[in-house]
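> From the sequence below, what's the structure:
(2 chains)
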Number of protein chains: 2
Amino acid sequence: MESNPTAAVIIIGNEILSGRTNDQNITYLAKRLTELGIKLQQAIIIPDVTETIINTVRACQKNYTYVFTTGGIGPTHDDITADAIAKALRAPLTVHPEAKQILINYYGKEHLNESRLKMAFIPLGATLIANPVSAAPGFYLQNVYVMAGVPEIMRAMFDKIAASLQPGATIFSETVHSLLGESILAKELGLIQARYPEIDIGSYPYFKNRSFGLSLVLRGTDAAKIALALADVIALVKEKGGNPILENHQEMLGTNAG
Amino acid sequence: MESNPTAAVIIIGNEILSGRTNDQNITYLAKRLTELGIKLQQAIIIPDVTETIINTVRACQKNYTYVFTTGGIGPTHDDITADAIAKALRAPLTVHPEAKQILINYYGKEHLNESRLKMAFIPLGATLIANPVSAAPGFYLQNVYVMAGVPEIMRAMFDKIAASLQPGATIFSETVHSLLGESILAKELGLIQARYPEIDIGSYPYFKNRSFGLSLVLRGTDAAKIALALADVIALVKEKGGNPILENHQEMLGTNAG
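Numbering: from 1, shown residues only, chains lettered A, B, ... in the order given. This is a model prediction of the structure:
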């Protein structure tokens, strides 16, 4: 996966840092980007503070192929994202004629008050991202994509840009569940990982119905290597007395007696 | 809230960046910290990469009163957090006698294999955080608190340390709901914010049952100022023809006719 494009997600919003709102955008973007073969390398939630947005965007822009922000592009005083992005990218913030026309069409010319017009201020040179839900557009400039924070709008905006992103090699994933404790197979699992350095093997215990389960996840762009490693992992789970179950396959691959 | 202690949360886990797992720890910690008067200023999700963990922990440690990490302290090859934290804080990673005893008590001396013993390797000088769910402890050193990623264990660990954190002034919050579009009251809301610079006023549109609603959130440590600003916000919503409803109060504060 070394050569896949990379991405950072920046969630701008005090309401998430206070615990008031449960972010839904990170998981959504993580899934969509993974489907495109784009590796999400960082997701960060920051407050509505101009300086923080500028520093975070600049750091991410340098380090990743794509940067996606959500939140802070509405009409109120706490919507400072467009202004902060303009500063981060050193582009003047000006009225975008097409954005203004979109707002006129949506609200009616006589109702385009100062607050609504604020949503037409876009960094110079940016391309608009259409908003089929509530009109006010997002935008992208260089490798920074600026979207709304409301999940329904963000998703609609991402749909508009997804096809224009440079996809990477398909990232395949296989998951084996069992009820084994991970310390029982940790050593041998590490040996399997060492044999297949091209793929990532993750071990994720979880707690459900008052008992622990274990998901072993294999991920990478080389389907053949994943299949080989998968066979080894399944054999390991059986050897340790576990009952390996392939996620999405839902069939029993063995018995507890191995 | 300027003088309140601050915090950063670092979620260590490829499984969240791939979209496979929906993080639950950020929202939980955000709520608990807010209750303690500790301002969460950043939450970041990073991959299981030693260098990334080191750089992120060092940057956060400098900038915030507290740093909380979750994930990567189990027995498998992808559990690299304790080692990375030791490097970040320049403390040698050694067997912690108390941690080893905890593991012996839990697994039995004859079953303390190499993988399980790995969970007793803790940066020198760190204090253990008890794990009442599955024994293997977390730890803290300097201002960095290292907890498990499994939400049930993380919560139990946070319960063990919460009382030892320096609480800040109580952060009060009031929320007014209405069905108004935010662009209708954006200008006047900005004027209210300007009159009360000590408090944060956030405007959060949401989408529910196919229509938009609006939450106006007032937050700060000065209860009297919040009450005054709240009265102004309620009056504004009524003036604009909205029907303000106070969250957690659940009573109608006016009619749509204002």
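> Helix, strand or coil: sort out A:Y28 for me.
Here A:Y28 is recorded as helix under DSSP: H, G, I helix; E, B strand; the rest coil.
> what's around it, how many residues?
Counted by other C-beta atoms under 10 Å in any protein chain shown, the residues lying close to A:Y28 total 18. Where you see a C-beta, it was placed from the backbone N, CA and C, and this is true even at glycine.
> residue contacts, it?
Neighbour list for A:Y28: A:151, A:154-155, A:158, B:19 [criterion: C-beta atoms under 8 Å, 6 or more residues apart in numbering or on different chains].
> Find me the pLDDT at it, would you?
Per-residue confidence at A:Y28 stands at 98 (pLDDT).
> Likewise for A:M157?
Reported pLDDT for A:M157: 98.
> Just the element for it, please.
A:M157 belongs to helix A:151-161 when assigned by DSSP states H and E.
> so what secondary structure elements neighbour the helix or strand that that helix is followed by?
Downstream of helix A:151-161, the next assigned helix or strand under DSSP H and E is strand A:172-178. The helices and strands touching strand A:172-178, judged by 3 or more C-beta pairs under 8 Å, 6 or more residues apart in numbering or on different chains; DSSP states H and E, are strand A:211-220, helix A:223-239, strand A:245-246.
> coming back round to it: so which of the contacts of A:Y28 is the closest to A:K87?
In terms of C-beta to C-beta, no member of these lies closer to A:K87 than A:M154, at 22.4 Å.
> need the contact list for the residue lying closest to A:S134 once chain neighbours are set aside.
Distances taken as C-beta to C-beta, 6 or more residues apart in numbering or on different chains put A:I153 closest to A:S134, at 6.1 Å, once the chain neighbours are dropped. By C-beta under 8 Å, 6+ apart, the contact list for A:I153 reads A:131, A:133-134, A:147, B:207.
> Send me stretch A:80-99 as CSV with only the CA atoms.
Coordinates of each C-alpha in stretch A:80-99 appear next as CSV, following Å, rounded to 0.1, in the frame of the first residue of the first chain:
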residue,chain,number,x,y,z
ILE,A,80,-14.6,30.6,9.9
THR,A,81,-13.4,27.8,7.8
ALA,A,82,-13.4,29.5,4.3
ASP,A,83,-11.5,32.5,5.8
ALA,A,84,-9.0,30.2,7.6
ILE,A,85,-8.4,28.1,4.5
ALA,A,86,-7.9,31.2,2.4
LYS,A,87,-5.2,32.3,4.8
ALA,A,88,-3.7,28.8,5.0
LEU,A,89,-3.4,28.7,1.2
ARG,A,90,-2.5,32.4,0.8
ALA,A,91,-5.4,33.0,-1.5
PRO,A,92,-7.6,36.1,-1.1
LEU,A,93,-11.2,35.4,0.1
THR,A,94,-13.6,36.9,-2.6
VAL,A,95,-17.2,36.5,-3.7
HIS,A,96,-17.3,33.6,-6.1
PRO,A,97,-19.8,34.7,-8.9
GLU,A,98,-21.1,31.2,-9.4
ALA,A,99,-21.6,30.6,-5.7
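> quick one: average pLDDT of it?
98.
> what's next to that stretch, contact-wise?
A:12, A:48, A:50, A:53-54, A:57-58, A:61, A:69, A:71-73, A:117, A:119-126, A:128, A:136-137, A:139, A:141-142, A:144, A:146.
> do stretch A:193-206 as well
Residues contacting stretch A:193-206 (C-beta under 8 Å, 6+ apart): A:1, A:181-182, A:186, A:189, A:192, A:212-222, A:225-226, A:228-229, A:232-233, B:14-15, B:21, B:48, B:74, B:76-79, B:150.
> ok, the contacts of A:Y28 vs A:L36, which is closest?
A:F158 (10.4 Å).
> Determine the number of other residues adjacent to the residue nearest to that closest one when sequence neighbours are not counted.
The shortest distance from A:F158 to any residue other than its chain neighbours is 6.2 Å, reached at A:R32 (C-beta to C-beta, 6+ apart). Per other C-beta under 10 Å, the neighbour tally for A:R32 reads 18.
> you'd agree A:R32 is in a helix?
Yes - with three-state DSSP as the criterion, A:R32 is located in a helix.
> List the residues that contact A:S178.
By C-beta under 8 Å, 6+ apart, the contact set of A:S178 is A:213-214, A:216, A:237, A:242-245.
> What of A:A130?
A:137, A:157, A:160.
> go again using 10 Å as the cut-off
A:102, A:137-138, A:156-157, A:159-161 (C-beta atoms under 10 Å, 6 or more residues apart in numbering or on different chains).
> From these, pick the one nearest chain B.
Distance to chain B across those (C-beta to the nearest C-beta) is lowest for A:A156, with 10.6 Å.
> Is the closest one in contact with A:A135, as I believe?
No - assessed by C-beta atoms under 10 Å, A:A156 is found out of contact with A:A135, at 11.2 Å.
> hey, what's in contact with both of these two?
Common neighbours of A:A156 and A:A135 (C-beta under 10 Å, 6+ apart) do not exist.
> before we move on, the earlier item: farthest-separated two in the contacts of A:S178?
The distance between the two most remote of these (C-beta to C-beta) is 13.0 Å, for A:L216 and A:N243.
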